[in-house]
Structure formats: C-alpha cells, structure tokens
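Q: Quick one: sequence and predicted model below, then my questions.
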Amino acid sequence: MEVRFKRRVLRFLLCKLFPLSAAFAQSADSTPSPTSIFSPVSSPADSIFGLSLFVIAVAAVIFVVVFSLLVYSVLRFRKRKDDDGHEPPQVYGSNQVELAWTVIPVLIVVTLFMATARVIADVQKTSPPAGAVEVVAIGHQFWWEFRYPAQRVVTANELHVPLSDPEHPTPTFIKLTSADTDHSFWVPRLAGKTDLIPNRVNNTWIDPHQTGVYLGQCAQYCGTQHAKMLLRVYVQTRDEFNRWIQRQIQPAHVNNTASEGRRIFETTACINCHTVAGTVADGRFGPDLTHIMSRDTIASGAARNTPENLRLWIRNPADIKPGCNMPAMALSDLEVNAVAAYLGTLQ
C-alpha cells in the first residue's frame, strides 16, 4: 500500500509540474505495451516504476532550471544596437559559483543513489511467506528451463504462476542460475532484470495482481540467438494454476497411431537432449517435451506452436532460429511428419 501511495503522489506531482511527462506515463496504462515498465502489475515492478517517476521528475527539474538559465542568458546578454563593441567586465572566478555547481550535482547524485538503493533493498530483503510458489529458472543457450521442485514439474520457456491476492499475498519466488553463459531474466511488467550466472544462484520474486500473459526475454547478450531467447509468464487464478500443475504432473499419453513417430524419436539422437516422461527419452540438454503441445510457442517464443512450424523446426531448426544449438537430424519428409505427429500427441 505504501508503494502505491507513493506512486499516486509522484503521478500527481508530475501532472502538476510536468504535464507532458505525466501524459506519457498515463497513456502507457491505457494501452500498455507487453514490455512497458510504465504499466506494472507486480510489487517489484511497481517499486521500479515509482523510482522511474522520481528520476524523471528530478531530470525534468534540472532541465527546466538549465533551460531557463540558458534562455535568460541569451535574452539578457544578446547584442543590442547601441553596443559599442567593447566586451563587458569579465569574471574569471567565483567561489560561490564553483561551490554551487560542485555541491548541487553531488547532492542530486547522492539522492538518486539513495532512492535506488532503497528500492533494491526493499525488493531483495523480501522473504517467501507461507504459500509462496518456488520456481527454479535455468538459462540455456537459447531457451529457459523452469522447474517447480515442490510440485515435481518441469517445463520450458513458458512460466505459469498463480495470481496474488493483495489481501493474502501468494508471491512466486524464482531462483535463477545458468547452465552455460550469462543470461538475464527480465519481464518488465512484473519485475526488474536479474542476471543468471553459472555456478551462482540469484533470486527474484513477483506477485502479479492481474491475470494475463506477460512477455519478457533474456536481457544479457548470450550469443547469436540472444534476441530470440524470449519467455512468457502466464498469470492464472489459483484454481487454473492448480489444474495446470495437475496436467503437467501426468505422464504423456501417446496414441497408437503415433507409434512410428515415437519409434523414430527414440532411436535417434533426440533422446540425448530431450525428456519425455514415461519413455526412454531422458536428455537434459534441451527442453522437456512431455507436454510440449500444452505450450503456445516453440523455440523459446520464436514461433507459434503449430503443426506446420513444428515440422519446420524438426526438419531444420536453423530455418526458424539461425545459430540455435539444435541440429538438423537429416530426416526424410515421412520421418519428419511421423515425429511431428508423435509430438502432437504430447498434451
């Protein structure tokens, strides 16, 4: 509540002092971009938004003061018709001016530093309450692995979390680590960016106040396909989230009509990288495919999860995501169709 109150106060000040900046911030709420920091729906993002408004206000004050002094100087000391061509008395030093332009910027920087440090400390010092959901996020080149240890669920690229009731908060705490190089987890409308470092565990948390799909991506350059290392966060009601968990716990059900595709999948190098629960496929280098058809996208959000895109991805992943680490398996068209049909049954 305190953060929201501060946010309303900052909005009010911006509206009164700097209508143009305030109009920009308010317009973002009416038609929010999927990755706009000006439309937060979670407490960490709300804190960052309040800090952003404060920084904008400070920058606007500096702009107004400097621009006003510039305009005053231009008008006050402009050349006039009665000028005799002689220069006015020159001032070569002023202790008062020197002190002012040294002390004032230092005070401004210290103020911004303290405000930023406070927001960072408030976000980081929060500990998981009872009922919090815990997720382990592992960054790979170039996809996301999400593990729910308590529920024994593993998925990829699409993170599902429950809605948090402000009266009875149920936040989601996310442990972040990397399997290869540096990555960064960033969903602007939910939280600030947090890096994923090999052999180190960082933490972040979110408590979404609105259901919906929120987009994010890796915000740390991690290789050729960094730009397509996307992620989606699905905020669901508690009942919807529980139903999703129950579906993910179940082993994959394969139709008999897809047996040929399963045979091809299990007799190629696919099983070295991917897992399908209940089968011999137990790889860890690529995404878990047990419930791949429950996802809206493939290739870490690079393409919609449609039968056509799935076949294209199996035939030659580089056609969708050049530079990705999944190799083309040199399958014939019949084999590609059979494997796609098999994966299409993995709900």
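A: Right, received. Where do you want to start?
Q: Following the record's annotation, map out the domains of this protein.
A: As given by automatic domain parsing, the domain ranges for the chain are 2-74+96-124, 133-210+217-230, 256-343.
Q: Tell me where the model's unsure across the protein.
A: 1-31, 254-257 (pLDDT under 70).
Q: now the strands for it?
A: Per DSSP state E, the chain carries strands over the ranges 133-140, 143-148, 153-156, 158-162, 172-178, 183-187, 191-196, 202-206, 212-218, 230-236, 297-298, 303-304.
Q: Out of the domains of the chain, which gets nearest to Asp84?
A: Evaluated with Cβ to Cβ, those place domain 2-74+96-124 nearest to Asp84, the distance being 20.5 Å. Heads up, the C-betas are built off the backbone N, CA and C, glycines and all.
Q: Off-centre distance for the closest one?
A: Distance of domain 2-74+96-124 from its chain centroid, counting by Cα atoms, centre = their mean, to the nearest Å, is 22 Å.
Q: before we move on, the earlier item: ranking the strands of the chain by burial, who's on top?
A: Looking across these with neighbours counted as mean count of other Cβ atoms under 10 Å, the highest average goes to strand 183-187: a mean of 25.
Q: between it and strand 212-218, how many degrees?
A: Here strand 183-187 points in a direction 150 degrees away from that of strand 212-218 (axes from the mean of the first three to the mean of the last three Cα atoms, to 10 degrees).
Q: Pull out the buried positions in stretch 49-62.
A: Phe49, Gly50, Leu51, Ser52, Leu53, Phe54, Ile56, Ala57, Ala60 (16 or more other Cβ atoms under 10 Å).
Q: how far away is the first one from Val201?
A: Going from Phe49 to Val201 by Cβ to Cβ, to the nearest Å gives 27 Å.
Q: and if you look at the third one?
A: Leu51 sits 25 Å away from Val201 when distances are taken as Cβ to Cβ.
Q: now swap in the fourth one and tell me
A: Distance check for Ser52 against Val201: by Cβ to Cβ, it reads 28 Å.
Q: what's the spacing between Ala277 and Ala340?
A: Counting by Cβ to Cβ - Ala277 and Ala340 are separated by 20 Å.
Q: So which of these two has more stuff around it?
A: In terms of neighbours (other Cβ atoms under 10 Å), Ala340 is the more surrounded of Ala277 and Ala340; the figures are 21 against 17.
Q: The closest residue to that one other than its chain neighbours: neighbour count?
A: Nearest non-adjacent residue to Ala340, counting by Cβ to Cβ, 6 or more residues apart in numbering: Arg311, 4.6 Å away. Arg311: 17 surrounding residues under other Cβ under 10 Å.
Q: which residues does Arg311 contact?
A: Val336, Asn337, Ala340 (Cβ atoms under 8 Å, 6 or more residues apart in numbering).
Q: could you redo the last one with a cut-off of 10 Å?
A: For Arg311, the contacting residues are Asp333, Val336, Asn337, Val339, Ala340, Ala341, Leu343, Gly344, by Cβ atoms under 10 Å, 6 or more residues apart in numbering.
Q: just the buried members of the residues you listed?
A: Buried subset of these (neighbour count, 16+ other Cβ under 10 Å): Val336, Asn337, Val339, Ala340, Ala341, Leu343, Gly344.
Q: In contact with the closest residue to the third one other than its chain neighbours: list those residues for me.
A: Yep, that's Val339 we're talking about. Of all residues not flanking Val339 in the chain, Gly261 sits nearest, at 4.7 Å (Cβ to Cβ, 6+ apart). The contact partners of Gly261, by Cβ under 10 Å, 6+ apart, come to 254-255, 314, 335-345.
Q: Now with 6 Å, please.
A: Ala338, Val339, Ala341, Tyr342 (Cβ atoms under 6 Å, 6 or more residues apart in numbering).
Q: State the distance from it to Arg247.
A: 22 Å.
Q: With Val154 instead?
A: Distance from Val154 to Arg247, by Cβ to Cβ: 13 Å.
Q: where do the contact lists of these two overlap?
A: Between them, Val154 and Arg247 share no contacting residue, judged by Cβ under 6 Å, 6+ apart.
Q: Now do the helices in the chain.
A: For the chain, the helices defined by DSSP state H cover 2-17, 19-30, 43-76, 95-124, 238-249, 259-266, 270-273, 307-315, 333-343.
Q: sorry, back to before: okay, the strands of the chain in TSV with distance to Arg243 next?
A: Putting those into TSV (distance: least, Cβ to Cβ, whole Å) gives the following:
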stretch	distance to Arg243
strand 133-140	15
strand 143-148	14
strand 153-156	13
strand 158-162	10
strand 172-178	17
strand 183-187	23
strand 191-196	25
strand 202-206	20
strand 212-218	17
strand 230-236	9
strand 297-298	20
strand 303-304	23
